[in-house]
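*Asks:* For reference, the sequence and a predicted model appear below.
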Amino acid sequence: KAEIVFIVLDRPNPVNGDAVEGPVLEDGLRNFMAYLPVPVRHGLTMGELARLHSLTAGLGARLTIVPLKGWRRSMWYDQTGLPWTRPSPNMPDLDAATLYPGIACFEATNVSVGRGTERPFRWVGAPWMDAAAVVKRLKSADLPGVEFSVEKATPTKSLYEGVVTNGVRMRITDREAYVMAILAFAAARARSASATSG
């Protein structure tokens, strides 16, 4: 509204720009954290997201995108030669960014996604969770590109702060084979089937 020029220094999508998967945000669920009707894993760069938002919302923004040089859509962040810079305090590395689209859906539940632990978005847990049963069920699902193990953690902030919490650690073994939507669905089924309470 103030007609201020908005400049985006574009940067690579850390989990590549080719892979697109997951549901698209429904209109009735839009909020400050989720406002664009794009798939959970959208494959867009920050500049592309800014342009899409301006067009979709009818902002007519005075938008300038400083383009990327040398990036190809097939590139993962570690293939760019750039040092990892946390896009968020709870995104410490590329594995967390890779798992994020399949794990972030649990933030709206009573399951911790690892904020305040050493493994945000690489660990999920709850004091009432039967982690061994969850791991067993996830392993039996034979999900490609990711492995699971039982691990306790004590979050220092967010959900279950200061509470020793049963949980599941996830490790990416083949990022090209990993499918975010399959992990999200399998983890939700395993969680609901294995709760000892809650």
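*Replies:* Arrived safely, thanks for sending. Numbering: from 1, shown residues only.
*Asks:* Could you identify the longest strand within this protein?
*Replies:* Secondary structure of the chain per DSSP state E: the longest strand is strand 166-172.
*Asks:* Which helix or strand contains Ala132?
*Replies:* If you go by DSSP states H and E, Ala132 is part of helix 131-140.
*Asks:* next SSE after that helix?
*Replies:* Heading C-terminal from helix 131-140 (DSSP H and E), you reach strand 146-150.
*Asks:* May I have the strands that pair with that following strand, each with its orientation?
*Replies:* In the sheet, strand 146-150 lines up against strand 166-172 (antiparallel) (DSSP bridges).
*Asks:* Can you mark which positions in the strand it pairs with are buried?
*Replies:* Counting neighbours by 16 or more other C-beta atoms under 10 Å, one finds that the buried residues in strand 166-172 are Asn166, Gly167, Val168, Arg169, Met170, Ile172. Heads up, the C-betas are built off the backbone N, CA and C, glycines and all.
*Asks:* Could you do stretch 40-54 as well?
*Replies:* Applying a neighbour-count criterion of 16+ other C-beta under 10 Å, the buried positions in stretch 40-54 are Val40, Arg41, His42, Gly43, Leu44, Thr45, Met46, Gly47, Glu48, Leu49, Ala50, Arg51.
*Asks:* Kindly report the same for stretch 154-167.
*Replies:* Of the residues in stretch 154-167, those buried under the neighbour-count criterion (16+ other C-beta under 10 Å) are Pro155, Leu159, Tyr160, Thr165, Asn166, Gly167.
*Asks:* and if you look at stretch 172-182?
*Replies:* Across stretch 172-182, burial judged by 16+ other C-beta under 10 Å covers Ile172, Arg175, Tyr178, Val179, Met180, Ala181, Ile182.
*Asks:* Which ones among those residues map onto strands?
*Replies:* Counting by DSSP E, the buried residues of stretch 172-182 place Ile172 in strands.
*Asks:* Of the buried residues of stretch 172-182, which is the nearest to Asp18?
*Replies:* Within those, the smallest distance to Asp18 is 12.0 Å, found for Arg175 (C-beta to C-beta).
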